[in-house]
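K.L.:
what's the 3D shape of this:
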Amino acid sequence: MTKQKMDLVLFNAAISNLSRICRVLTMPSGHGVMVGNGGSGRKSLIVLATFIMGMKPFSVELKKINKEDFFCQW
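P.N.:
Predicted structure coming up:
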């Protein structure tokens, strides 16, 4: 992931969610799923939280697969 400037507007709910994300990241084997409407800032909060915690973010891309083809790859 490239480092680029992010212009963010943080409001109370965003700061609350940011602190929750940071808390989850500090837990051993901590992981979470961010769910919400598109354009609600989930990815921006994840990137900011991982930067604060000194971690590197990654995402899993979900796509429609044929079950037989998927299991044949393993």
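K.L.:
Out of the helices and strands in the chain, which is least certain?
P.N.:
Among the helical and strand segments of the chain, the one scoring lowest on mean pLDDT, DSSP states H and E is helix 67-72, with a mean of 61.
K.L.:
ok, A14 - contacts?
P.N.:
L8, G41, L45 (Cβ atoms under 8 Å, 6 or more residues apart in numbering). (Each C-beta comes from the backbone N, C-alpha and C, glycine too.)
K.L.:
which one among the residues you listed gets closest to S16?
P.N.:
In terms of Cβ to Cβ, no member of the contacts of A14 lies closer to S16 than L45, at 10.4 Å.
K.L.:
Please state the backbone phi and psi of that closest one?
P.N.:
Its backbone dihedrals place L45 at phi -70, psi -40, with angles given as degrees, to the nearest 10.
K.L.:
Can you tell me which residue sits nearest the middle of this protein?
P.N.:
To find the centre residue of the chain, average its C-alpha atoms and take the closest one (Cα atoms, centre = their mean): that gives I46, at 4.1 Å.
K.L.:
residues of the longest helix along the chain that come out buried?
P.N.:
Secondary structure assigned by DSSP state H gives helix 12-26 as the longest helix of the chain. By neighbour count with 16 or more other Cβ atoms under 10 Å, helix 12-26 contains the buried residues A14, N17, L18, I21, C22, L25.
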